[in-house]
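J.: got a sequence here, can you build the structure:
(2 chains)
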Amino acid sequence: MLRLLALLLAVCLAGPAIAQSSVVKTDNVRTELLAEVSQVKPGEPFWVALRQTIKPHWHTYWKNPGDSGLPTEIAWTLPAGAKADPIVWPAPTLIDVSGVINYGFQDDILLLVRITPPADVTGTLALKADANWLVCDDVCIPEEGKLALDLPVGAAATPADAATRALFDKARRAVPVESPWPARFGLAKSGDPTLLVDAKGLKPGTIRDVYFFPAEWGPVASMAKQSASVTAEGIRIPLKKGDAKATTAPASIAGTLVLTEKTGDGEQRQAFDVVAKLDPAFVPGPAPLAAVDGSESLTLVQALLFALLGGLILNLMPCVFPVLAMKAAAFARLAGHERSAMRRDGLAYTAGVLVAFGAMAAVVIAIRASLGEVNWGFQFQSPIFSLLVAYLFFVVGLNLAGVFEVGSRFVGVGQGLTARNGTTGAFFTGVLAVVVATPCTAPFMAAALGFALAQPAPQTLAVLLAMGFGLALPYLALSMTPALQRLMPRPGPWMDRMRQFLAFPMWASAVWMIWVLTQQTGPDGVIYALGGMILIAFAIWLLRFGSAGTLGAWLRRGLAASAVLLALAAVFKLQDSPATAASASGGPSSGVSFDGWERFSRARMTEAAAAGKPVFVDFTAAWCITCLVNERVALETPGARRAFEQTGTVKLKGDWTNRDPEITSVLKELGRAGVPLYLYWAPGAERPKILPQVLTEAAIVSELQAKR
Amino acid sequence: MSNVIVPRRVLLLGSAAVALAPMSAFATGDVGKPAPAFSATDSSGKTWSLAELKGKVVVLETTNQDCPYVRKHYNSTNMQTQQREAAARGVVWFTVASSAPGEQGFVTAAQANELTQKRNAAPAAFLLDPQSRIARAYGATVTPHMYVIDASGTLVYRGGIDSIPSSNVADVPKATQYVRVALDQVLAGKPVAEASTRPYGCTLKYGSNA
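T.: Model prediction:
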C-alpha cells in the first residue's frame, strides 16, 4: 500500500505541476533526462540519455528482459518535425533470481536516444519523455516518470559540460559494437540451436566468460549458464530453443555476445551485436562432446595427484626407459659410495627433472600467451625438434658405447655415468629423461595435462612440477633409502658392458625419431638426419686425438665445429622444405596407417553416431608411442578386427602427427591435451565414452560387444 | 580450501551438466506434450490431482496478490471474468500460489480464501504450492503465468494472459486475451493457434533455496 502511495506521489510530483523537471525520483530509481549538448543546432541530431540510478540490488530490464520482467519504455512528446530514434541499449548483465533468468541493469545506466530537432526550430527545443520501467529485487514494481528537458537553440551546437560528456562516453562504451565476425547457427534434431561465431585467432586462455543474450523472447531460451567453448577457430555456444512455438525454423538469431576478456589491466567486458544466419548444413551433434561420459573435470588437488601418479608411471613407459636404464647403471656404480654422494646424486637428478619440467611449463605458458594454444607433444609436431632429439639420442648412444668420453669442462648430456662429474651429470640425466618422456603419455597424465594446459600460469607450473616429481620419485626414494640401496647389484665389470649395451636402445630411439621426422617432412628428412649424424660422428672422431694447443688440434677443432654446424644447418633446410609446409597444413602423413579406417572428421563422427551406428574414434600420432603400442596390441589384432567387423562399427582415425585444428578442438573440448584418445559411441548413444589410454584387445572386444 | 574448481575450460566441460541442474527446474511443461502431473491441496483442504481430471479442460494461473501485473488483471476484473466464463463452460480453473514461505505472494489457506473473497474471484480451486512444485514442473517464471491443459491431459497453451505486457489497466481491453482464445479453440476441438506466447509479470518467487 505504502508503495502504491509512493508511486502515486512520484507520478504526481513528476506531473504537469513541475513539468520542467529533468529528474524524477521514485522509490527505487532516480531517473534523469540528460543531453549531450547544452545548445541545439536546428536539424542537427544530438544524443540524449535516460539515466537510471537504481537502488542497490534492484534491477531494470534490457530490451529482452529474459524469463520475466519488462524493458524500460520511453514515449516522447516532441515538437512537430522532431524525431526520436529507438533506445540504444547497453549490453545487459545476467541476473539470476532463484533460477529465473533476467537480463537487465543494476546500479547506474544510461539509455541513449538520438534526437533529430526540426530544421526550423527556434528559441527552445522542448523534449518531453514519459518513461515507464519495471524495477525488481525479489519483488517487482512498475514505476514511471514524466521527464522534460528544454534546450536552447542556436546557430551552432554547444557540447554539455565535461562531466555530462564523460557520462555519455562511458555509456557508449557499454553499447555493443557490430560483431566483426560472421556468425551462423545450426539446429540439432531436438531443435536446440548451436551458435558458431567465426572469431578466429581468439586466445582461449584469456577469455574468462562467454554469454549470448538473445535479442528477443522466443527462439532462444534464457539460460543460467551457457557451455560455450572458445578455440582459436572461434566460439561455439550450444543454446536451448526458446518457448516460441514456431512452425518453421528461425532464419536468423540475433543477440548480444558478451565476452569477458582478461587483459593486462584486468578484465574487460566486450559486447558484440551478432546476427547469425541459419546454416542448414550444420547439424550440431546429438549432445555436445563436452557432455561426454567419463570426461574428467578435476580439482587442482586431483590434478596434482594425477600428475604425480602419471609421472611415476611414466617411468615404465618405453620412451623414458633407455634414460632410466642409464640412471640405474649410474646408481649401481654409486652403490659403494657414501650416503651423501648417493643423496646428492638423487637430488641432482630430481632437480634436473624439475628444472626441465619448469622450463617446459614456461614454454607452455609463453606459447599460450602468444598463440593461445598449446598441446602436449606439441614439440613433436615440429620437425626441427624431432631432428635435434634424434641427434641427441645418437650422441648419447655414442657416448654410452664408449666412442668418446666427455671431459669435465664439457658438460655433456647424459653424463651421469662418469662418477667424476656425478652431480652435474645426474642433473642432465634428469633433463634428458624429461626430453624423451614427452612423446609418451601414461595413464592419469592425460587428465592432469588437460587440466594444466587450460589453467592460469601458477596451476600449469604446479601440475607440471608434480608430474616431474612423480617421474623423479623412484630414484629420489632410492637415493634416500639405504635399505633399498642394498638391493642394488654390486658394482663390477658388468657395468661397462651394461653401459655399452644401453647405447643400442638409445640408437633405437634415434631411429624412431628419424622415422617421426620423415612423417613430418617426407623422405628428404632421412638424408638430412642421417647426413647430420655422420657429420656429428665425424666431428667427435676429429676431437678424439691429438694434443691440445697444436695447430693441427685447432684445425681439427675448426673442422669439427663446421661439421656440427653443417649438421645443424639441416634444421633450416627442413624449415624450408615444401614437404614440411604440406604436412604442417594437415596433409596426410604416411606414418599413421588408415588401412581399414576412415579419416576422422567431426561431421562424419556425429553423422554416423546420429544414424545409430557404433563409432570408434582413434586419435593418434606417428610420434605417440602409446598410440602405436595400443594399435599393435589392441586395435589391429585379428580379434579386435573381427569384433569391429561383426558389430559394423564405423572406425575413424584422427592423425595428429602434425597440427590439425579440427582434432585439436575436439581434444580441447574433451579436456585433453594430447593423444592417445579413444572414443566409443555405443549404437544409438547420445554421447561417446572415453576409453582408457592403455587398451587391451579384451577391453575393446567387450566394449564393442556390450549391449549386443 | 583445496577444492579450487576454477578451471574455466574444464568447468565449461562440466557446465553442460551444471547447466542442466538449474535448467531442469524450468525445462518441462512443453506445449504439445503431456502436462506434468501434480497433486496439491487447495485452500479448503481438498486434494486435487491432475490425473483425476482427465476428460476436463484445466487452466492453471500462477498468482501473487502483491504483484502489479496480477493486480492489473484483478483490478480490471479481467481475471475473475475469465474464471467465471471458464467455469460456465466446464473448465477447471486453478489459481496457484507458488511463492515460497517468506516470499511475496505466499499465502496460508485462510489468506487464500480471504483473497478469493476480496478479489471476488471464481477459480474452481485456489491451490497452495508453497514448495513451488507445480511452478517448477511447468517451468513458470512469472505471475501470472498461464497454462491450458486439454481433456486428454496435453499441455496446449503456455504463456501470458494477454498480448500487451504492461501493468496498465487501460491496456486490458485492447489486448488479445490469449487464454480465452485458447479455450475457445480447445473447446471447439481445434488446435490452439498461438500455443506459446511470451509470459509477462513479476518474477515468480521461488525462494532462495530454489
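J.: is the helix or strand hosting residue A:366 positioned near chain B?
T.: Using DSSP states H and E, residue A:366 maps to helix A:339-371. No: with C-beta under 8 Å from any C-beta of the partner chain as the criterion, chain B is not reached by helix A:339-371; the gap is at least 11.7 Å. C-betas here are computed from N, CA, C, even on glycine.
J.: list the contacts for residue A:635?
T.: Taking C-beta atoms under 8 Å, 6 or more residues apart in numbering or on different chains, we find residue A:635 in contact with A:618, A:695, A:700.
J.: follow-up on the earlier one: could you dump the following helix or strand past the helix holding residue A:366 to PDB, C-alpha only?
T.: The first helix or strand that comes after helix A:339-371 along the chain, using DSSP H and E, is helix A:383-401. Coordinates of each C-alpha in helix A:383-401 appear next as PDB, following Å, rounded to 0.1, in the frame of the first residue of the first chain:
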ATOM      1  CA  PRO A 383      60.400 -31.400 -37.400                       C
ATOM      2  CA  ILE A 384      63.200 -29.300 -36.000                       C
ATOM      3  CA  PHE A 385      62.600 -30.700 -32.600                       C
ATOM      4  CA  SER A 386      62.500 -34.200 -33.900                       C
ATOM      5  CA  LEU A 387      65.800 -33.800 -35.700                       C
ATOM      6  CA  LEU A 388      67.600 -32.300 -32.700                       C
ATOM      7  CA  VAL A 389      66.300 -35.100 -30.400                       C
ATOM      8  CA  ALA A 390      67.400 -37.700 -33.000                       C
ATOM      9  CA  TYR A 391      70.900 -36.100 -32.900                       C
ATOM     10  CA  LEU A 392      70.800 -36.100 -29.100                       C
ATOM     11  CA  PHE A 393      69.900 -39.700 -28.900                       C
ATOM     12  CA  PHE A 394      72.600 -40.600 -31.400                       C
ATOM     13  CA  VAL A 395      75.300 -38.600 -29.500                       C
ATOM     14  CA  VAL A 396      74.300 -40.100 -26.100                       C
ATOM     15  CA  GLY A 397      74.400 -43.500 -27.800                       C
ATOM     16  CA  LEU A 398      78.000 -42.900 -29.000                       C
ATOM     17  CA  ASN A 399      78.900 -41.800 -25.500                       C
ATOM     18  CA  LEU A 400      77.400 -44.900 -23.900                       C
ATOM     19  CA  ALA A 401      79.200 -47.100 -26.500                       C
END
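J.: which other helices and strands does helix A:383-401 contact?
T.: Helices and strands touching helix A:383-401, by 3 or more C-beta pairs under 8 Å, 6 or more residues apart in numbering or on different chains; DSSP states H and E, are helix A:422-437, helix A:494-521, helix A:524-544, helix A:551-576.
J.: got a list of contacts for the third one?
T.: Counting by C-beta under 8 Å, 6+ apart, helix A:524-544 makes contact with A:383, A:387, A:390-391, A:394-395, A:398, A:403-404, A:510, A:513-514, A:517-518, A:521, A:556-557, A:559-561, A:563-564, A:566-568, A:570, A:573-574, A:577, A:579, all of which sit outside it.
J.: tell me the mean pLDDT over that helix?
T.: Computed over helix A:524-544, the mean pLDDT rounds to 85.
J.: any buried residues in the strand or helix carrying residue A:135, and which?
T.: Per DSSP H and E: residue A:135 is located in strand A:124-136. Using 16 or more other C-beta atoms under 10 Å in any protein chain shown as the test for burial, strand A:124-136 gives A:125, A:126, A:127, A:128, A:129, A:131, A:132, A:133, A:134, A:135, A:136.
J.: picking that back up, deepest of the helices and strands packed on helix A:383-401, which one?
T.: Comparing the helices and strands packed on helix A:383-401 by mean neighbour count (mean count of other C-beta atoms under 10 Å in any protein chain shown), helix A:422-437 ranks first with a mean of 24.
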